[in-house]
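Peer 1: Using only what follows, build the 3D model:
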Amino acid sequence: METKFYKLAATPLMLALLAGCDNTVTQEDFSDALENVTEERQETQEARKETRDTMSEQRERETRAFRGTDTDPDMLEDLKEERREDFEEYQEERQEQIEEAREEREERVENLREERIESQEEIKEAQKAVQEEKQETQEAEQELRKTEKRFQAQQARDAFVNEVEQELNQAEKRIETLEEQADEAEGARETELQNQIDKLQKLHEQVQEKLDELESAELLQWDTEKSEVEKALQQLTSAMKQSV
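Peer 2: The predicted structure follows:
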């Protein structure tokens with residue numbers, strides 16, 4: 001007797017399992033895989049029903065064929081036994097196929113879950129790297145602004161110091177001139193010149209002292225000392241103009 005076996009047609013999920021998948025897994029891929037699992041289960045149930053219907057029809061055909069003939073009871077029993085064995089063999093084979101398909105589906109779903117978790121972790125790491133890079137960029141920009149500000153402050157301070165030092169040089173020359181005049185003068189004139197020299201030297205020292213404090217101050221705070229230097233320098237300049 002010819003025994004017929006029915007096999008399920010390959011579904012999209014089974015083809016995807018054989019062909020493998022790419023490394024990119026999205027929420028849509030995961031949803032599609034679960035939907036394919038549901039469809040595969042439905043197709044399995046339909047195939048089982050089709051198999052039962054086919055076997056029932058075959059039994060009916062064999063029964064109708066034996067009607068009206070003098071069939072040996074032993075032969076009929078052998079035929080039933082053979083049919084039962086064929087059916088059991090088919091059932092075992094189908095059960096193995098169903099079990100293999102189930103294991104493959106479960107493995108596929110698990111792989112999708114793992115890949116999804118890995119993708120989420122990669123996204124988190126990428127976001128963290130972007131955030132760190134953004135933070136580093138902000139810190140670099142802040143440092144650049146500080147550097148630019150310090151550079152501008154240094155240029156302004158150095159220019160101011162240079163102007164004050166030129167005034168101090170002029171004061172030193174004036175003091176030298178007065179000292180030469182005092183060496184040649186006598187009496188009250190000599191005393192007057194010496195008083196002027198002492199006053200200019202004192203004011204010169206005060207300006208130099210204030211200037212040193214300005215240069216020693218924090219670069220970005222140098223202008224807080226600027227007014228003190230300007231005040232001392234103004235007194236020195238005024239005394240130079242009054243000296244004769």
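Peer 1: For the chain, just list every one of the helices.
Peer 2: 12-19, 27-66, 73-184, 187-216, 223-242 (DSSP state H).
Peer 1: Same list (the ones you listed) but as JSON lines, adding mean pLDDT and mean neighbour count.
Peer 2: To be clear about C-beta, it is placed using only N, CA and C from the backbone, and glycine gets the same treatment. Listed next are these as JSON lines, based on pLDDT from 0 to 100; neighbours: other CB atoms under 10 Å:
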{"stretch": "helix 12-19", "mean pLDDT": "42", "mean neighbour count": "14"}
{"stretch": "helix 27-66", "mean pLDDT": "70", "mean neighbour count": "13"}
{"stretch": "helix 73-184", "mean pLDDT": "85", "mean neighbour count": "13"}
{"stretch": "helix 187-216", "mean pLDDT": "94", "mean neighbour count": "16"}
{"stretch": "helix 223-242", "mean pLDDT": "93", "mean neighbour count": "15"}
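Peer 1: what's near enough to touch the closest residue to Gln154 other than its chain neighbours?
Peer 2: Of all residues not flanking Gln154 in the chain, Leu219 sits nearest, at 5.9 Å (CB to CB, 6 or more residues apart in numbering). Shown in contact with Leu219 (CB atoms under 8 Å, 6 or more residues apart in numbering): Arg150, Ala153, Gln154, Arg157.
Peer 1: hmm, 6 Å instead?
Peer 2: Arg150, Ala153, Gln154 (CB atoms under 6 Å, 6 or more residues apart in numbering).
Peer 1: quick one: which of the residues you listed is nearest Glu167?
Peer 2: Within these, the smallest distance to Glu167 is 20.6 Å, found for Gln154 (CB to CB).
Peer 1: what's the distance between that closest one and Asn169?
Peer 2: 22 Å (CB to CB, to the nearest Å).
Peer 1: do Glu190 as well
Peer 2: From Glu190 to Asn169 the distance is 26 Å (CB to CB).
Peer 1: Ok, Glu107 next?
Peer 2: Relative to Asn169, Glu107 is positioned 91 Å away (CB to CB).
Peer 1: Check Glu136 too.
Peer 2: With distances taken as CB to CB, Glu136 is found 48 Å from Asn169.
Peer 1: ditto for Asn162
Peer 2: As judged by CB to CB, Asn162 and Asn169 stand 11 Å apart.
Peer 1: Same check on Leu214?
Peer 2: From Leu214 across to Asn169, the span is 17 Å (CB to CB).
Peer 1: Contacts only, for the nearest residue to Leu214 once chain neighbours are set aside.
Peer 2: In this structure, Leu214 finds its nearest non-sequential neighbour in Glu225, 4.0 Å apart by CB to CB, 6+ apart. Contacts for Glu225 (CB under 6 Å, 6+ apart) come out as Glu213, Leu214, Ala217.
Peer 1: wait, which of those residues is closest to Lys128?
Peer 2: Taking CB to CB as the measure, Ala217 is the one of those closest to Lys128, at 42.5 Å.
Peer 1: How about the closest one: what's its closest non-neighbour residue?
Peer 2: Computed as CB to CB, 6+ apart, the closest residue to Ala217 that is not its neighbour in sequence is Glu225, at 5.1 Å.
Peer 1: wait, what's in contact with Gln194?
Peer 2: Neighbouring residues of Gln194 by CB under 6 Å, 6+ apart: Ala182.
Peer 1: Kindly apply the preceding question to Lys199 instead.
Peer 2: Shown in contact with Lys199 (CB under 6 Å, 6+ apart): Ala239.
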